[in-house]
Each structure stands twice: as C-alpha cells, then as structure tokens.
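> got a sequence here, can you build the structure:
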Amino acid sequence: MVNLSTFYNLNVYNTEGKFIGQICEVVLNIKKGRISFFKTKALTQNKASLGFADVLKNLRFEQEEENLKEVSTEGTLDIPYELVSAVGDIIIVDQNKLTQYQNELKAKEVKSQQVKRPAPTIKK
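Okay, here's the model as predicted:
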C-alpha cells in the first residue's frame, strides 16, 4: 500500500528525460479504487520547467469516460495514470502515449468547436 502523500511534489519527467512539472494533486476514482490522474504544475523558469510549455500548449480537458470532470487551469497539466511508466523518487511519463493523448484531446476540442450545419432540404 502507498500513501497518496508520497506523490505530492514529486518531479515528473517524460521518457526522453525532459522535465514536465511537479505533482500538486492526486485525483482518485473511488468506484474503481485507483488513481485516475495526477495534476501537475509548472515550476518557475529558474527551476527547470523548460519542457512544460511544450507539453501544455493550451489544452482543454473534456469529460472522461469514467464520468470524472477533468479541470484544466493555466499552468497545470492533468496526466492520466495510464500514461505513467514508473514511480519512484520521480515519476516518468511515456512521451509517445502523452503525445497521443494530447492529440486526441486537441481533436475532441476541434470537433466540439465545429459548428454543425443543418442538412439542406430539397423542396419538391
């Protein structure tokens, strides 16, 4: 068993060794009894948050399949636990899965912003 408090303030890196941020919150799925995602915050520029800007890129989060509402605030990034490769003194996130996840979120955002036009009607 692991205390959730051990995750707080852990540094998060991707599999390419780039610093992403630091854990500020752990969100649990009580129904499934597991961690749903980590909320990661950027550190100040002098604390090596260079990779965070590349990761964040103004993402907006939509309702999760598990009916959990993910909230995105400026300077934070929600990382689903499924993307985590390793947890120890630091947390390592699989960069390929993270990129795929971000692309899916962007696609959902674009799809939700598209205005659906009604189908043309044919008059007889």
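> by mean pLDDT, point me to the weakest helix or strand of the protein.
Counting by mean pLDDT, DSSP states H and E, the chain has its least confident helix or strand at helix 52-56, which shows a mean of 53.
> continuing past that helix, what's the next helix or strand?
Next along the chain after helix 52-56, taking DSSP states H and E as the criterion, comes strand 76-80.
> can you list the strands that that following strand pairs with?
Sheet pairing for strand 76-80, assigned by DSSP bridges, gives strand 34-41 (antiparallel).
> and the strand it pairs with, which residues are buried?
Buried residues in strand 34-41, counted by 16 or more other CB atoms under 10 Å: I35, S36, F37, F38, K39, T40, K41. Just so you know, the C-beta spots here come from the backbone N, C-alpha and C atoms, and that holds for glycine as well.
> give me the distance between the fourth one and N96.
In other words, F38. Between F38 and N96 the computed distance is 18 Å (CB to CB, to the nearest Å).
> the longest strand in the chain is where?
strand 19-29 (DSSP state E).
> from the contact counts, what lies against that one?
strand 11-14, strand 34-41, helix 52-56, strand 76-80 (3 or more CB pairs under 8 Å, 6 or more residues apart in numbering; DSSP states H and E).
> possible to save the ones you listed as a markdown table with distance to Q22?
Shown next, in a markdown table, are the helices and strands packed on strand 19-29 (distance: least, CB to CB, whole Å):
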| stretch | distance to Q22 |
| --- | --- |
| strand 11-14 | 6 |
| strand 34-41 | 6 |
| helix 52-56 | 10 |
| strand 76-80 | 10 |
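> Q95: neighbour count?
Using other CB atoms under 10 Å, Q95 is surrounded by 19 other residues.
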